[in-house]
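In: Okay, here's the prediction I keep looking at, along with the sequence it came from:
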Amino acid sequence: WQPPLALTMLFCVMPAAVSLVCKTPSRPLPRPLAADGDGEASFTYDSVQRRLPLIVESVIDKNSYSEALQADLRSLAGEIAAGEPLKPLAAPSA
C-alpha cells in the first residue's frame with residue numbers, strides 16, 4: 001500500500017529558503033478508513049447509520065423549521081438509518 005501524495009506531503013517541511021525538504025514517515029501509515037466488510041462494527045457504519053440520524057434530530061430540536069421540512073429531514077434520517085437509497089429533498093417553498 002502506498003500512501004496518497006497528500007498524506008506524504010503532510011510530512012514535508014518548507015524552510016525559509018525556496019527548497020523543499022521532505023521526510024518519509026518512520027513507520028508505515030495505516031490503511032484509510034473504509035466500510036469494506038466490517039458491517040455494523042465499522043467506523044463508517046456507526047458514523048452514518050447510527051450517528052447521522054441522531055444529529056438530524058438534534059438539528060431539528062434546535063431550530064424552528066417548518067413542519068414540512070422537519071418531516072423531510074426525519075424521512076432522510078430514517079432512510080439513512082435503514083441503509084436505504086436516499087431520496088432528494090424538495091426545494092423549500094418561498
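Out: Nice, thanks for sending it over.

In: Give me the residue ranges of the protein where confidence is low.
Out: Under the criterion of pLDDT under 70, the regions of the chain flagged as low confidence span 1-23, 32-39, 92-94.

In: show me where it has helices.
Out: Counting by DSSP state H, the chain forms helices over residues 5-9, 43-45, 52-61, 67-82, given from the N-terminal end onward.

In: right, so of those helices, which gets closest to L89?
Out: Across the helices of the chain, the minimum distance to L89, taken as Cβ to Cβ, is reached by helix 67-82, at 5.2 Å. For the C-beta atoms, the positions are set from N, CA and C on the backbone; glycine is no exception.

In: Mind listing what's buried along that closest one?
Out: Neighbour counts over helix 67-82 (16 or more other Cβ atoms under 10 Å) mark Q70, D72, L73, L76, A77, I80 as buried.

In: Ok, which of the helices of the chain comes nearest P28?
Out: helix 5-9 (11.1 Å).
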